[in-house]
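> what follows is a predicted protein model with its sequence.
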Amino acid sequence: MVKKILIRKDGEYILFLDADDMLTSDGLNHIVGVVRKQKTDFMAFSYITLFSDGTQKKERFSFDEDKTADLNKARELMYASSQFNACWGKLFRADIIRNNKLEFPEDLHVGEDLVFVSAYFKCCQTVYVTQEPVLFYRQHPESAMRKYNLAQRLEYTRILYDKNKLDVVAMDDMVLLQKMYNYYIRVLTNLFLEFSKGR
């Protein structure tokens with residue numbers, strides 16, 4: 001299903017939340033507190049995975065600090081990990097979306113969140129990423145990704161890889177490019193392992 005972005009003329013920020021997920025009890029207060037203090041272009045928050053058996057797991061970004069405003073660390077999360085793949089858990093400035101005419105791609109069935117987030121990320125000068133969870137993410141045994149066969153998954157991976165490679169090459173950051181290569185090697189390895197088990 002294609003996501004549409006509706007922006008009120010007086011709205012400053014946009015927060016995406018999937019229908020089966022929910023904010024933590026203090027999630028909204030934490031988001032508002034960050035907005036009042038940080039005023040940054042790109043804000044990302046952690047989350048708590050809620051499994052079908054009722055167990056929970058607090059997720060962390062792959063840096064040691066409780067929070068960071070380091071653009072290089074955020075770039076690594078964006079281009080060399082899956083930690084920024086989803087549009088939920090992030091706060092987007094409406095003016096950046098509006099001024100750059102950002103939309104979700106209509107021709108992509110898997111990875112449309114990543115394409116939107118990376119397009120938005122390219123427009124940002126400042127970042128703020130925190131380990132503080134603001135939402136519960138429900139983990140389902142049968143994710144939407146499992147509807148697709150190996151050839152389809154490989155094609156979607158190629159599309160996302162090509163888009164991200166263009167961005168990283170434009171930055172002229174060879175260290176980040178190597179980390180991105182290593183990440184996609186892991187993605188492909190895990191993909192083939194998944195299908196080799198006859199899932």
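Good, I have the coordinates. Numbers count the residues shown, from 1 in each chain.

> need the strands for the protein, in chain order.
Assigned by DSSP state E, the chain shows strands spanning 13-15, 22-23, 42-51, 56-58, 67-68, 90-93, 127-139.

> in the third one, what's buried?
In this case it means strand 42-51. The neighbour-count check on strand 42-51 (16 or more other Cβ atoms under 10 Å) flags 42-48, 50 as buried. Placement of C-beta: from N, CA and C, glycine included.

> quick one: the helices in this protein?
Using DSSP state H, the helices of the chain run over 27-38, 71-79, 94-99, 112-122, 150-171, 174-196.

> make a markdown table out of these and add mean pLDDT.
As requested, these are exported to a markdown table (pLDDT from 0 to 100):
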| stretch | mean pLDDT |
| --- | --- |
| helix 27-38 | 90 |
| helix 71-79 | 96 |
| helix 94-99 | 94 |
| helix 112-122 | 93 |
| helix 150-171 | 90 |
| helix 174-196 | 92 |
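
> quick one, which of those helices is nearest to residue 21?
helix 27-38 (10.6 Å; Cβ to Cβ).

> which residues are contacting that closest one?
By Cβ atoms under 8 Å, 6 or more residues apart in numbering, the residues outside helix 27-38 that reach it are 13, 15, 43, 45, 69, 91, 128, 130, 132-135.

> rerun that using 7 Å as the cut-off
Residues outside helix 27-38 that contact it (Cβ atoms under 7 Å, 6 or more residues apart in numbering): 13, 15, 43, 91, 128, 130, 132, 134-135.

> and if you look at stretch 107-115?
Contacts to stretch 107-115, defined as Cβ under 7 Å, 6+ apart, come from residues 3, 85-87, 104-105, 145, 148, 156, 159-160, 163.

> hmm, back to that, got JSON lines for the helices of the chain, with distance to residue 21 and mean neighbour count too?
Shown next, in JSON lines, are the helices of the chain (distance: least, Cβ to Cβ, whole Å; neighbours: other Cβ atoms under 10 Å):
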{"stretch": "helix 27-38", "distance to residue 21": "11", "mean neighbour count": "14"}
{"stretch": "helix 71-79", "distance to residue 21": "20", "mean neighbour count": "19"}
{"stretch": "helix 94-99", "distance to residue 21": "21", "mean neighbour count": "15"}
{"stretch": "helix 112-122", "distance to residue 21": "13", "mean neighbour count": "20"}
{"stretch": "helix 150-171", "distance to residue 21": "22", "mean neighbour count": "15"}
{"stretch": "helix 174-196", "distance to residue 21": "24", "mean neighbour count": "14"}
